[in-house]
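Undergrad: Sequence first, predicted model second:
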Amino acid sequence: MAPPQSSHSRPLAGDIETLSYVNSMMEAFRAFDSNNDGLITCDELRGIMASLGYNPTTEEVREMMRRGDADKDGLLSMEEFLEMNAVELDPGDLAGLLQTAAALLGPAAGDDGDVTAEILFQVLSSEVGAILEDCTEIIASLDADGDGAVSFEDFRIIAQALR
């Protein structure tokens, strides 16, 4: 007898690559947020761009800030930075899955506020029929420090950026 099929389609490799890309953008943001206030300035943005192999002019950096600065405070938050860089990404079905998970995860995140593959699976298995292998792959693609978990706040930010 064949195993039951999940109603959820397995994430495509491109979907997981999108998560890895967004995660690398978060790491770049944090690396250049020199005072760790969760906001980046024009100078910090220029540093991010240079690290990615671009050498934008001062005017190009100012224009990028203007386009990305949704709240018009002259700074880019992590959310604004990710939305600015994720606008052309196509996360496929994964975007909806992450948004559903983020909405459900708040109370289910571990005591330390971390989301593991097991917690993600517990939340999504009954909701969308996710399987543990998918959840493990999702968390692994977001797990920057290799501890098997991602903070709920980072998970929420990524889900929001991919909407």
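TA: Right, received. Where do you want to start?
Undergrad: burial of residue 134, as a residue count?
TA: By the measure other Cβ atoms under 10 Å, the count of residues near residue 134 is 25. C-beta here means a position set from N, CA and C on the backbone, and glycine is covered the same way.
Undergrad: Check it and give its pLDDT.
TA: pLDDT for residue 134: 85.
Undergrad: Now residue 143: closest residue in space that isn't a chain neighbour?
TA: residue 150 (5.7 Å; Cβ to Cβ, 6 or more residues apart in numbering).
Undergrad: so that neighbour sits right up against residue 113, yeah?
TA: No: contact between residue 150 and residue 113 fails when scored by Cβ atoms under 8 Å: they sit 10.1 Å apart.
Undergrad: one step back: show me what the residue nearest to residue 143 bridges to in the sheet.
TA: For residue 150, the beta-bridge partners under DSSP bridges are residue 115.
Undergrad: and it, how many residues sit next to it?
TA: Using other Cβ under 10 Å: residue 150 sits among 26 other residues.
Undergrad: show me what contacts it?
TA: Residue 150 makes contact with 114, 115, 139, 142, 143, 144 under the criterion Cβ atoms under 8 Å, 6 or more residues apart in numbering.
Undergrad: Go again with 7 Å.
TA: Contact analysis of residue 150 by Cβ atoms under 7 Å, 6 or more residues apart in numbering lists 114, 115, 139, 142, 143.
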